[in-house]
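Below is the sequence, then the predicted model.
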Amino acid sequence: MSTARDREQECLTELYTRLDELREQTRQRLDQVLSTTGLGHQGLTERDVAAAGLARRLGELHSVENGLCFGRLTMTEGPDRAIGRIGIPAAADETEPPLIDWRAPAARPFYTATGARTEGVRVRRHLRTSGRTVTGVQDEDLAAGAVAGAGGDGTPALLTALNAPRTGRMTDIVATIQAEQDAIIRAPRAGVLVVQGGPGTGKTAVALHRAAYLLYTHRERLARDVVLIVGPGTAFLRYIGEVLPSLGESGVLLATPAELYPGVTADRPEDPRTAELKGRAAMAGVIAAALADRQWLPADTLRIDHDGETLHLDRAGAERLRRRARDLGLPHNETAPLHGELVVDALARSVAAGIHTAVLGPGGEDGGWGDGGDWPPGEDDSLLSEDELDDLRAELRSSPGVRAALRRLWPPLTPQRLLADLFASPRRLATAAPRLTDAERGLLLREPGGWAPSDVPLLDEAAELLGTDDRAARAAEAAEHAERLRLAQEALDVARGSRATEHDDGTDPETLSAFDLLDAGRLAERHAEADHRTPAERAAADRTWAFGHIVVDEAQELSAMTWRLLLRRCPARSMTLVGDIAQTSAPGGARSWAAALDPHLGPGRARTVELTVNYRLPAEIAAPAADVLRAIDPELRPPRAVRSTGVPPWHRTVPAGRLPAGTARALADERAAHPGGTAAVIAPPDLLPALTAAVGPVPGVSVLDPRTAKGLEYDTVLVVDPGAMPLPDRYVALTRATQRLGILTPSRAG
Ligand SMILES: Nc1ncnc2c1ncn2[C@@H]1O[C@H](COP(=O)(O)OP(=O)(O)OP(=O)(O)O)[C@@H](O)[C@H]1O
């Protein structure tokens with residue numbers, strides 16, 4: 001008699017056969033599409049789009065090779081449902097799909113059914129597989145009523161997953177998503193959802209699976225608009241980088257907050273106090289004031305050389321024109337040409353009025369426009385016709401002296417220029433930030449050269465106020481077009497040359513050739529490169545991209561200015577923000593979700609849910625972490641550990657001078673007792689150089705400070721001198737271990 005495992009093996013083999021067929025069909029269609037020739041420009045673009053779609057699908061089909069099917073639901077009525085990483089559609093002669101995508105509504109009871117609420121499920125089966133072989137089957141009989149279900153109480157499948165050694169890369173959790181996590185993953189897309197949870201409650205895992213779920217459920221929209229995932233640092237992004245590809249998803253953009261301004265690499269070191277200051281919401285006002293300061297006014301009268309004459313623009317007149325330009329309510333760079341027109345018009349009228357005065361002599365009340373008269377002069381003051389005035393304006397517009405004056409009065413600016421000039425000038429800082437103290441302004445003052453991460457939202461703020469100054473982009477496009485024209489012309493010349501030769505050979509000179517039908521311009525158009533970038537690549541390069549959904553991990557760390565930037569990138573306000581208020585270590589980070597988000601969203605606009613079960617820490621390691629949490633805030637409750645290892649953390653006191661050597665020895669002992677897996681030494685930043693030297697390069701071992709360790713996890717963790725860490729950092733350090741924790745404290749005598 002065949003066992004359940006044999007029967008599952010048969011089903012699994014059949015599923016892999018179907019997967020191989022799907023791969024083959026997709027590969028053939030891709031080959032077919034790629035080999036299509038003789039297409040026009042439009043046809044080529046369509047071919048490229050189709051090929052990219054098929055290549056993506058092929059990638060998806062290959063990414064699910066491991067763990068293709070991980071569960072089965074036997075229903076009280078109707079056919080079984082096999083649950084997997086992707087769906088395999090029913091063939092023409094089938095009524096049910098042989099494999100259901102974990103994100104499909106029909107798969108949901110796999111995660112939510114309990115003995116009390118069976119949702120029509122009789123047996124929930126977990127499959128363990130290795131490659132294409134079934135290695136184990138675990139059944140939960142819901143009809144027996146004793147099953148708590150996927151509620152965080154440690155089903156064997158979950159415990160197996162949690163006890164597995166870590167590889168240094170996060171893995172997906174599709175086979176064991178728990179009910180409280182499932183509710184978050186499948187929450188509606190609209191609105192801002194905040195997921196608060198202690199360390200190890202699966203916030204990161206949930207956020208990534210939510211992104212995969214949303215991409216599946218709103219495929220068309222989100223594949224086009226892209227999902228942005230923001231994580232605290234590059235080490236963290238590397239750690240989570242495989243999860244979505246393993247779920248067959250590639251249409252996401254992963255970035256750190258420092259990477260959110262295209263074209264800027266923000267790696268300039270910075271004093272944390274400066275970073276905190278630059279993260280405050282008040283910096284938005286400072287930047288606006290810095291820009292207003294660049295819309296210049298002459299102290300008295302501006303003298304403008306024009307064609308050997310001197311034109312005059314007095315301060316009051318310049319101020320009136322500036323006010324009219326500002327009243328337009330447009331960004332600075334977009335206002336520049338309009339302000340220029342106002343000034344040119346005023347100058348033209350004043351010249352005309354000068355002619356008027358010269359012809360008629362100074363009359364009546366008209367005491368001129370430089371000293372309190374009506375300025376700029378109106379039409380009635382002019383003897384010139386409108387056509388003559390137009391000519392005069394045109395002349396002034398192209399006058400080098402006038403142009404120089406316009407650049408001075410309303411200079412075209414880039415965000416980089418505005419910020420670099422502001423931070424390099426005590427005078428500009430004093431004008432733009434009068435409410436800051438001298439010491440604070442001193443923190444902002446610096447030589448130009450490079451950008452710090454905290455500059456990124458400020459550059460974005462400045463870009464918003466400045467508007468597009470797309471002259472550079474237009475110039476590049478024009479240069480590119482000229483180059484294409486040149487190449488096309490060359491191609492035509494070569495063709496003409498070869499025809500001349502052919503004629504020499506006696507071919508028919510009357511035969512029409514390509515160059516008879518085309519000119520270089522049209523040929524250039526045809527050769528214009530189609531944009532082959534994926535939507536995620538285009539989004540990465542475009543500051544004004546509106547993302548379909550934004551996921552932020554370690555969201556508690558973001559400054560007010562970074563929130564402003566992110567909300568600009570998501571006008572639809574469709575966001576999932578995960579974090580833990582108790583782990584906030586950034587000086588400008590959140591003390592409460594309401595304090596961090598209400599100023600940007602409005603009070604109560606974000607919906608907050610909590611994760612309460614700790615999947616990382618065994619109960620033994622959770623205990624010392626809970627003590628630290630109480631010290632941070634007695635109101636906060638630690639998450640409940642779902643498993644226990646029977647291995648309590650150890651504690652060792654070492655003379656301070658021998659801390660590096662003592663740590664290296666303790667680590668070596670741990671590695672000898674528990675070979676393989678991953679380990680980390682987490683210490684205050686100033687101890688890192690000595691510890692790194694003492695430990696040396698060991699595969700699978702990292703030496704890092706608590707802030708870099710945030711979000712990461714290791715089988716074994718040694719925390720060195722936790723007493724020297726600020727409380728949130730200590731909390732982070734003590735909550736990274738999945739199996740074993742050792743604490744080394746320097747003795748005072750050392
Ligand atoms: N349902 C689950 N099944 C299996 N493993 C899970 C599950 N939920 C979480 N885990 C595992 O628990 C560990 C902690 O998860 P994760 O890193 O997402 O927690 P976190 O809340 O983001 O922690 P931190 O606040 O420290 O960043 C990871 O190894 C994750 O894979």
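Done, it's in.

What is the least confident helix or strand in this structure?
The helix or strand of the chain with the lowest confidence, counting by mean pLDDT, DSSP states H and E, is helix 514-517 at a mean of 47.

domain assignment for the chain?
4-148, 186-261+543-614, 273-357+386-466, 619-747 (the TED database).

residues near the nearest residue to Lys710 once chain neighbours are set aside, how many?
Counting by C-beta to C-beta, 6 or more residues apart in numbering, Lys710 lies nearest to Val732, which is 5.3 Å off, once chain neighbours are set aside. Every C-beta, even on glycine, is put in place using the N, C-alpha and C of the backbone. Residues near Val732, counting by other C-beta atoms under 10 Å, number 29.

dump the residue contacts of the residue of the stretch 501-650 of the chain found nearest the ligand.
At 3.5 Å from the ligand, Tyr615 is the closest residue in the stretch 501-650 of the chain, using C-beta to the nearest ligand atom. Residues near Tyr615 by C-beta atoms under 8 Å, 6 or more residues apart in numbering: Leu158, Leu162, Gly200, Thr201, Gly202, Val642.

Isn't Val123 up against Val137?
No - with contacts counted by C-beta atoms under 8 Å, Val123 stays clear of Val137, the gap being 10.6 Å.

returning to what we had before: save the domains of the chain as JSON lines, and put in mean pLDDT and distance to Ile177 too.
JSON lines is the format used below for these (pLDDT from 0 to 100; distance: least, C-beta to C-beta, whole Å):
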{"stretch": "domain 4-148", "mean pLDDT": "91", "distance to Ile177": "5"}
{"stretch": "domain 186-261+543-614", "mean pLDDT": "93", "distance to Ile177": "7"}
{"stretch": "domain 273-357+386-466", "mean pLDDT": "95", "distance to Ile177": "33"}
{"stretch": "domain 619-747", "mean pLDDT": "94", "distance to Ile177": "14"}
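
Ok, which of the ones you listed comes nearest Pro535?
Pro535 lies closest to domain 186-261+543-614 among the domains of the chain, at 5.0 Å (C-beta to C-beta).

Give me the distance from the helix or strand hosting Glu334 to the chain's centre.
For Glu334, the host element (DSSP states H and E) is helix 332-360. Remark: helix 332-360 is offset 46 Å from the chain centroid, using C-alpha atoms, centre = their mean, to the nearest Å.

Burial check on the closest residue to the ligand within the stretch 351-500 of the chain, number of neighbours?
With C-beta to the nearest ligand atom, the shortest gap between the stretch 351-500 of the chain and the ligand falls at Pro453, namely 19.7 Å. The tally of other residues near Pro453 (other C-beta under 10 Å) stands at 22.

Could I get the full set of helices for the stretch 351-500 of the chain?
386-397, 400-409, 415-424, 426-432, 438-444, 455-466, 471-504 (DSSP state H, counting those that start in this stretch).

near the ligand, which residues of the stretch 501-650 of the chain show up?
Near the ligand, the residues belonging to the stretch 501-650 of the chain are Asp580, Tyr615, Arg616 when assessed by C-beta under 6 Å from any ligand atom.

Give me the phi and psi for the second one.
Tyr615 has phi and psi values of phi -90, psi -10 when expressed as degrees, to the nearest 10.

Could you do Asp101 as well?
Torsion angles, degrees, to the nearest 10, at Asp101: phi -60, psi 140.

State the phi and psi torsions of Ala606.
With angles defined as degrees, to the nearest 10, Ala606 sits at phi -90, psi 140.
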